[in-house]
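J.: For reference, the sequence and a predicted model appear below.
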2 protein chains.
Amino acid sequence: MRVLVVEDERRMAAALQRGLQAEGFAVDLAHDGEDGLHQARHGEYDVVVLDIMLPRISGYNVCKQLRAEENWVPILMLSAKDGEYDMADGLDLGADDYLTKPFSYVVLVARLRALLRRGANRRPSVLRAGDLALDPARRRVTRGETPIELTPREFALLEFLIRHHDEVVSKTEILEHVWDTFDTDPNVVEVYVGYLRRKIDVPFSRNALQTVRGAGYRLAGDGG
Amino acid sequence: MRVLVVEDERRMAAALQRGLQAEGFAVDLAHDGEDGLHQARHGEYDVVVLDIMLPRISGYNVCKQLRAEENWVPILMLSAKDGEYDMADGLDLGADDYLTKPFSYVVLVARLRALLRRGANRRPSVLRAGDLALDPARRRVTRGETPIELTPREFALLEFLIRHHDEVVSKTEILEHVWDTFDTDPNVVEVYVGYLRRKIDVPFSRNALQTVRGAGYRLAGDGG
DNA sequence: CAGGCTTCTCAGCCGCCTCTCAGGCAGGGT
DNA sequence: ACCCTGCCTGAGAGGCGGCTGAGAAGCCTG
C-alpha cells in the first residue's frame, strides 16, 4: 500500500514516515503543496495524507485541484484546530476524512486503513443505500425520484451513515467523524437521527435507519 | 479489558484508576519504572498507559526494554508539554500512541479505546463455531443464513464463548470477561446462558451450548 | 434589526434489558 | 433410593438507553 504524506514540518513528516513504514506502508514524502500535487498526480498512491498549512500551495487547494482533475485518490486532511479551515470545508473540497491536530497517531492509522478498506478509489459520484441516493458533489439527496431537503448537519450525518451502510456505527464514531469531537453529549446524535428519520423514512415501510440498542445505528441498504 | 497505569504522581494515578474503572476497565497501578516494567512483563494487559517521567527507570526506557523483549502490548505514552521528549521520539520507541500533559480525560479514554479496537482489528473479522457466525464489526449473528437478534449482553457472552469454542469456560471466567467483575452472583451467567440457548439452539438438534457440570460451559463447533 | 433557519441542550417518558429471587429439576455420590 | 449440590427458569422490579417536544442561542439574510 503506497501512501503519500504531504507535510512541511520535517520532524513530523519523518516520524509519520517511520511509523507508517513500521505498519507496512510504502511511504513517500512531499514537503510543500506544489511538490505534493505533482507527486499525487503521477505517483499512483492508494491514499494521500495532506496537511492544510503548506508552503507554496495550501492543502486546501491541492485537494481542490486534484478533484477538479477527476483524480479520486482517497485523501485524509490534517489541520490545526484553530486554523482558517474546518472540517466542513475539508469535506466540501472532496477530502474523504479529516483529522484535527494534534491528532492521535493510532487514530490516523485506523482511519487510513478504513479509507483503504473502503476502496474509495474510483469513487462513484453518487452514494446509494436502498433507494436512497446521496450526491456529495451536488449536495443532493433523493429517495427514489423525490428530492429530500437536508440541513448541513443532517447531510453530513447521512453521508457518514451511507458510507458505512449495513454496518453498525456507534454514537462515539459518529461524533468523531461528523462532529469532530469526543466529549459532546451523545444525545445530539439521537436528536439528529430523529430528524433524519422524519425526512428519509417512508411511512408504513421498514425503517431504513435502525437503532441497535447499546451499540449504535445501522443504515440498511443493498446499494453501493 | 485490563489496563496497567504506570504513573508516579499518586494523585494522578488514583484519579486515572477511578476514572478508568468507571469506564469498565480493570486497572492496575505501578508507581515507578521498575515496578511498571515488571508488571507489564507478567500481567497480561490489553494496554499500558506509561508516563515518561518516572523514578528508577524512565518510561522511555521501559518502552524500549519491552519492545526489545518482543513484547508488543499496546502502549500509550504520557509526557509533559515542555518535556525533553516529543511525539516523534515516542513513536520511534515503539509506543503506539502519545498524549501530552495536561490531557483531556475524555481524549485519553477515546484513544485507549482506539488502541484496543486496533488490536481487535487484527483478529479475523467473522468468528465461527459450527454453523454459527458472529461478526463483531457489524454486530450481526447468524445461524446458517438466518439472522439472530441478540441484546448487548447476550452478544458479548456469545462472542466470548465463540472465541473459546470447544473449550470449557468457567462461570468465573465468563464473569470476569463479559461482566468484568469477580463478585457477582454466578447465577446471572446461568440466566444468560438460558437466554442464549433459546435463541441459538435449533429444536430437536443437539445443543450447541453444553453444560459441563461443576466446571462451566462449552460451545461446540468445528469452525474457527 | 427582525425573522427565519439551524444547531444544540434539557427534561420527561417509554420500553427494553439486566439482574435478582425463589422454586423446581437433574446428576452424582453414598 | 435418597439427599445434596449444582443448574435451570419463570416472574418481576428497577434501571438505563434511546426518543422526542420544547425552547434557547447562534447565524445568516434581507
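T.: Looks like it came in fine.
J.: what residues are up against the residue nearest in space to the middle of chain A?
T.: The residue lying closest to the centre of chain A (C-alpha atoms, centre = their mean) is A:D97, at 2.7 Å. For A:D97, the contact set (C-beta atoms under 8 Å, 6 or more residues apart in numbering or on different chains) comprises A:74-77, A:111, A:114-115, A:177. All C-beta spots, glycine's among them, are computed from the backbone N, C-alpha and C.
J.: need the strands for chain A, in chain order.
T.: A:2-6, A:26-30, A:47-51, A:75-80, A:97-101, A:127-129, A:132-135, A:140-143, A:146-148, A:168-169, A:209-212, A:216-219 (DSSP state E).
J.: Which residues of chain A lie near chain B?
T.: Counting by C-beta under 8 Å from any C-beta of the partner chain, chain A comes close to chain B at A:11-12, A:14-15, A:18-19, A:102, A:104-107, A:109-110, A:113, A:166-168, A:172, A:176, A:182-183, A:212-215, A:218.
J.: Any chance of a ChimeraX selection covering the buried ones in those?
T.: For the buried members of these, the matching ChimeraX selection, counting by 16 or more other C-beta atoms under 10 Å in any protein chain shown, is:
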select /A:12,14,15,19,104,105,106,107,109,110,113,167,168,172,176,182,212,215,218
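J.: Keep only the residues of chain A next to chain B that also lie close to DNA strand C.
T.: With C-beta under 7 Å from any atom of the strand as the criterion, the residues of chain A next to chain B include A:213-214 near DNA strand C.
J.: that older thread, of the strands of chain A, flag the one that's most buried.
T.: Comparing those by mean neighbour count (mean count of other C-beta atoms under 10 Å in any protein chain shown), strand A:47-51 comes out on top with a mean of 27.
J.: what angle do that strand and strand A:26-30 make?
T.: If you take axes from the mean of the first three to the mean of the last three C-alpha atoms, to 10 degrees, strand A:47-51 sits at 30 degrees to strand A:26-30.
J.: could you give the mean pLDDT of strand A:47-51?
T.: For strand A:47-51, mean pLDDT is 93.
J.: hang on, the earlier thing: possible to save the strands of chain A as a markdown table with distance to A:R198?
T.: A markdown table is the format used below for the strands of chain A (distance: least, C-beta to C-beta, whole Å):
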| stretch | distance to A:R198 |
| --- | --- |
| strand A:2-6 | 41 |
| strand A:26-30 | 46 |
| strand A:47-51 | 36 |
| strand A:75-80 | 32 |
| strand A:97-101 | 28 |
| strand A:127-129 | 18 |
| strand A:132-135 | 14 |
| strand A:140-143 | 13 |
| strand A:146-148 | 11 |
| strand A:168-169 | 20 |
| strand A:209-212 | 10 |
| strand A:216-219 | 15 |
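J.: rank those by mean pLDDT and give me the bottom one.
T.: strand A:97-101 has the lowest average pLDDT among the strands of chain A, namely a mean of 81.
J.: Next one: that strand, is it in contact with DNA strand C?
T.: No - with C-beta under 7 Å from any atom of the strand as the criterion, DNA strand C is not reached by strand A:97-101; the gap is at least 14.6 Å.
J.: Partner strands of that strand and their direction?
T.: strand A:75-80 (parallel) (DSSP bridges).
J.: Quick one: residues in contact with the strand it pairs with.
T.: In contact with strand A:75-80 (C-beta under 8 Å, 6+ apart) are residues A:7, A:47-53, A:59, A:63, A:66, A:85-86, A:90, A:93-101, A:103, A:108, A:111-112, A:115.
J.: could you redo the last one with a cut-off of 6 Å?
T.: A:48-52, A:63, A:85, A:90, A:95-99, A:101 (C-beta atoms under 6 Å, 6 or more residues apart in numbering or on different chains).
J.: Just the CA coordinates for it, please, in PDB.
T.: C-alpha atoms of strand A:75-80 as PDB (Å, rounded to 0.1, in the frame of the first residue of the first chain):
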ATOM      1  CA  ILE A  75      -7.400  12.000   0.800                       C
ATOM      2  CA  LEU A  76      -7.100  12.300   4.600                       C
ATOM      3  CA  MET A  77      -6.800  16.000   5.600                       C
ATOM      4  CA  LEU A  78      -4.900  17.300   8.600                       C
ATOM      5  CA  SER A  79      -5.500  20.700  10.000                       C
ATOM      6  CA  ALA A  80      -4.700  22.800  13.100                       C
END
